[in-house]
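Colleague: Could you look at this predicted model? Sequence included:
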Amino acid sequence: MRGHDWINTLLPDELLIEIFRRLDSKSNRDASSLVCTRWLRLERLTRAAIRIGASGSPDLLIHLLAARFSNITTVHIDERLSVSIPAHLGRRRSSGNSSVKLHDVNDKHGSASDQSDLDSLCLSDSGLASLAEGFPKLEKLRLIWCSNVTSEGLSSLARKCTSLKSLDLQGCYVGDQGLAAIGQCCKQLEDLNLRFCEGTSCLSLELLALYSFQRFTDNDKGLEVIATGCKELTHLEVNGCHNIGTLGLESVGKSCQHLSELALLYCQRIGDAGLVQVGQGCKFLQALQLVDCSSIGDEAMCGIASGCRNLKKLHIRRCYEIGNKGIIAVGEKCKLLTDLSIRFCDRVGDRALIAIAEGCSLHYLNVSGCHLIGDAGVIAIARGCPQLCYLDVSVLQKLGDIAMAELGEHCPLLKEIVLSHCRQITDVGLAHLVKGCCTVLESCHMVYCSGVTSVGVATVVSSCPNIKKVLVEKWKVSQRTQRRVGSVISYLCMDL
C-alpha cells in the first residue's frame, strides 16, 4: 500500500545489517544510511574499517567515530596526508604533495603557543587511549608518522586491544615499555613493522621489519630479545640498522628455527659468524638477500649452503668479500635454487657460474657488474639451465658472441635479457640469440653495446613476434625499423 513502510515493518535488524554488508561501494552505503534513523544506526554496525588523515584534531575525531562505529576492526591513521592548517604553524613532517609550505617547529622564531597549537593537530596518547576504548575489537592498526604517540599510549592500547594481529608504527617514537606491553598483551600479533622501536615478546609474531635502528643503546640485545621471544618468526628484514652486529644475528640463528626469509641491507657490522649461525639453526630458509654488507664473505656463504638446503632465492649486491668459494658452495649444496642475483660482486667469476649450472636449474640470473665473468660462465649456464627465463649480463666486458649463440641454442624459454654495456657482443651474436629464442623473447636491453648496429636492432625486432620492449640508442634505429615497430623501441638517451 502506498505510503506504508513495508521494509522497516517486516525486515528485522539482522537482515538489514546483512543487506548493508553486501553493498558494493562506500557511496551506496553512505546513501543508504541517510534514508532514516534506523538505517543510519544499523549501517554503522557494518563498518569494519576507517582511515584518518591529518584531520586537524585527531583525538576529537577518534572520540566521535568510536561513539558511532562499534564494530571497527581496522584503523589507518596517516599524519603525512596534507591538511589545511594555520599559515604560522609548521609540522614535524610533511608529504611531498602537501599544498602548504611547512617549516620546522623548532625554528627559533616559533612561539610556545605555536607548538601547543601544533601538537593539537597530531594524534596523542589520549587519542590512542580513546581509540583503544572505543574499538576493543581492533585487529589491524597503522599509525604512520604519529610522532606524538609514546609508550604510554601504546601500553593503553595493548591492554584494551588484545585481539590485535597487525601493527604498523612507521615513524612513531615509541620505546621499550610500549612494545613490551604489546608483547605481553597481544599474543595473536602476526605482523609488526617497527621504526625506532626496540624488541618485544610476541609468541605468534611471523613477520618483522626493522628500519634504520640508530637510536638504540644496545641493538644486539634488542634483536636478541626479539629472537628469543618470537620463536615463530618466519620473515626478518634488517635495513640500515648500523648498530646491529654479528651477535644480534647469531641470536636469530639460535632461536628462530622457522625463519624462511632473511634480508640484511646496509648492515656493516654483521660478520660471517652471524650467517654461519643462521645456516646451522634455520634449516627452512628459502630466501636470502644481502645488500652492502661489507663484512660478510665466503665463510658466511659456505655456512648458509651447508645448512640451508631449501634455499630457492639468493640475492647479493655489492658484497665485495664474497667470491667464487662461497657461490661454488651454494651451487654444490643448494639444489633447489632457481633465483640468483650477484650484482657487482667483483670476486665472483666463471668457476662460480659453472658450479651453479652443474647443481641448480635457474629460472632467473643477474650477474650485472661481475667483471670476472665471461663466455665460459654464461655458456655453462646456457647448457645447464634450460628453464632460464631472465638474464642480466650487463657490464660484462669479457662476454661475446659465442655465449649469445649458446643461449639461443639451449635456452628456448628466455623472455628477458639485459646486455647493456657489453662491448664485445655484435650483430652476429644477436642473430644467433634470437634464432633460438625468437618465439618467446619479449624484452632486450642493449644500450652502449658498441658492436651492435642498426642491423642488429632490426634483426631483433623483426625476428621476435612477441617482442614488447627494446632499449637502445636512438641513432641505431633506422627509419624503416621505426616505422614498422616504433612502439616497442625505448631510448635511454635521446641525443646520442
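Modeller: Perfect, I can see it now.

Colleague: Could you give me the buried positions within stretch 425-443?
Modeller: Of the residues in stretch 425-443, 425-434, 436-438, 440-443 count as buried by neighbour count, 16 or more other CB atoms under 10 Å. Quick note: C-beta positions are derived from backbone N, CA and C, even for glycine.

Colleague: contact partners of stretch 254-263?
Modeller: 227-228, 230-239, 252, 277-278, 281-289, 291 (CB atoms under 8 Å, 6 or more residues apart in numbering).

Colleague: which stretches of the stretch 101-250 of the chain form strands?
Modeller: Secondary structure of the stretch 101-250 of the chain, counting by DSSP state E, counting those that start in this stretch: strands at 140-144, 166-169, 191-195, 207-211, 235-239.

Colleague: L61: which of these is closest?
Modeller: strand 140-144 (14.3 Å; CB to CB).

Colleague: on that earlier part again, among the contacts of stretch 254-263, which are in helices?
Modeller: 227-228, 252, 277-278, 281 (DSSP state H).

Colleague: can you give me how far stretch 253-270 is from the chain middle?
Modeller: 16 Å (CA atoms, centre = their mean, to the nearest Å).

Colleague: Same check on stretch 296-311?
Modeller: 23 Å.

Colleague: Name the residues that touch that stretch?
Modeller: Contacts for stretch 296-311 (CB under 8 Å, 6+ apart): 264, 270-272, 274-288, 290, 319, 321-323, 325-327, 329-330, 332-337.

Colleague: Just the buried positions in that stretch, please.
Modeller: 296-308, 310-311.

Colleague: that older thread, between the strands of the stretch 101-250 of the chain, which one is closest to C185.
Modeller: That would be, of the strands of the stretch 101-250 of the chain and by CB to CB, strand 166-169, which comes in at 11.6 Å.

Colleague: in its sheet, what does the closest one sit against?
Modeller: Here strand 166-169 is paired, per DSSP bridges, with strand 140-144 (parallel), strand 191-195 (parallel).

Colleague: In CSV, list the C-alpha atoms belonging to that strand.
Modeller: Coordinates of each C-alpha in strand 166-169 appear next as CSV, following Å, rounded to 0.1, in the frame of the first residue of the first chain:
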residue,chain,number,x,y,z
SER,A,166,48.8,-6.4,12.7
LEU,A,167,50.6,-3.3,14.0
ASP,A,168,52.5,-0.7,11.9
LEU,A,169,54.4,2.0,13.8
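
Colleague: circling back: inside strands: which ones of the contacts of stretch 296-311?
Modeller: Among the contacts of stretch 296-311, the members falling in strands (DSSP state E) are 264, 287-288, 290.

Colleague: who's in contact with the closest residue in space to Q188 that isn't next to it in sequence?
Modeller: Computed as CB to CB, 6 or more residues apart in numbering, the closest residue to Q188 that is not its neighbour in sequence is K165, at 5.3 Å. Contacts here follow CB under 8 Å, 6+ apart; on that basis K165 touches 139-140, 188-191.

Colleague: ok, now R318?
Modeller: Per CB under 8 Å, 6+ apart, neighbours of R318: 291-292, 343-345.

Colleague: next one: L340
Modeller: By CB under 8 Å, 6+ apart, the neighbours of L340 are 313-315, 356, 360, 362, 364-366.

Colleague: which residues are in contact with the strand or helix carrying I19?
Modeller: Taking DSSP states H and E as the criterion, I19 maps to helix 13-21. The contact list for helix 13-21, computed with CB under 8 Å, 6+ apart, reads 7, 29, 32, 38-39, 42-43, 45-46.

Colleague: Over to stretch 388-402?
Modeller: Stretch 388-402 is touched from outside by 341, 362-375, 378-379, 381-382, 403, 407, 411, 413-426, 428-429, 432, 445, with contacts defined as CB under 8 Å, 6+ apart.

Colleague: Can you say which of the residues you listed are buried?
Modeller: Buried members of the contacts of stretch 388-402, counted by 16+ other CB under 10 Å: 341, 362-375, 378-379, 381-382, 403, 407, 411, 414-426, 428-429, 432, 445.

Colleague: OK, contacts around the nearest residue to R68 once chain neighbours are set aside?
Modeller: Closest residue in space to R68, ignoring its immediate chain neighbours: R44 at 5.4 Å, by CB to CB, 6+ apart. R44 is in contact with 33, 68-70, counting by CB under 8 Å, 6+ apart.

Colleague: Please list all residues in contact with I354.
Modeller: When contacts are counted by CB under 8 Å, 6+ apart, I354 touches 376-377, 380.

Colleague: from those, which single one is nearest A180?
Modeller: The closest of those, once distances to A180 are taken by CB to CB, is G377, at 50.9 Å.

Colleague: Check the buried residues of stretch 296-311 and tell me the two furthest apart.
Modeller: G297 and N310 (22.7 Å).

Colleague: if we can go back for a sec, mind putting the strands paired with strand 166-169 into a markdown table with mean pLDDT, distance to Q387 and mean neighbour count?
Modeller: Listed next are those as a markdown table, based on pLDDT from 0 to 100; distance: least, CB to CB, whole Å; neighbours: other CB atoms under 10 Å:
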| stretch | mean pLDDT | distance to Q387 | mean neighbour count |
| --- | --- | --- | --- |
| strand 140-144 | 91 | 39 | 20 |
| strand 191-195 | 67 | 33 | 21 |
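
Colleague: Looking at the ones you listed, which is nearest to L179?
Modeller: strand 191-195 (7.6 Å).

Colleague: Could you pull out the helices in the stretch 301-450 of the chain for me?
Modeller: 324-333, 350-359, 375-384, 401-410, 427-437 (DSSP state H, counting those that start in this stretch).

Colleague: Out of those helices, which gets nearest to R80?
Modeller: helix 324-333 (41.0 Å).

Colleague: quick one: low-confidence ranges for the protein?
Modeller: 1-6, 54-56, 81-121, 175-176, 194-205, 210-219, 492-496 (pLDDT under 70).

Colleague: Okay, domains of it per the record?
Modeller: Per automatic domain parsing, the structural domains of the chain span 1-46, 349-496.

Colleague: show me the contacts for the nearest residue to S478 once chain neighbours are set aside.
Modeller: Nearest residue to S478 in three dimensions, chain neighbours excluded: S454, at 4.7 Å (CB to CB, 6+ apart). Residues in contact with S454 (CB under 8 Å, 6+ apart) are 476-478, 481.

Colleague: Just send these back as CSV, with secondary structure, distance to S126 and neighbour count too.
Modeller: Below are the contacts of S454 laid out as CSV (DSSP: H, G, I helix; E, B strand; the rest coil; distance: CB to CB, whole Å; neighbours: other CB atoms under 10 Å):
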residue, secondary structure, distance to S126, neighbour count
K476, helix, 65, 21
V477, coil, 64, 19
S478, coil, 70, 14
T481, helix, 67, 22
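
Colleague: one step back: out of the helices of the stretch 301-450 of the chain, nearest to G127?
Modeller: helix 324-333 (50.5 Å).

Colleague: same for the closest one, what does it pack against?
Modeller: Packing partners of helix 324-333 (3 or more CB pairs under 8 Å, 6 or more residues apart in numbering; DSSP states H and E): helix 298-307, helix 350-359.

Colleague: just how off-centre is that helix within its chain?
Modeller: So, by CA atoms, centre = their mean, the centroid of helix 324-333 is 27 Å from its chain's centroid.
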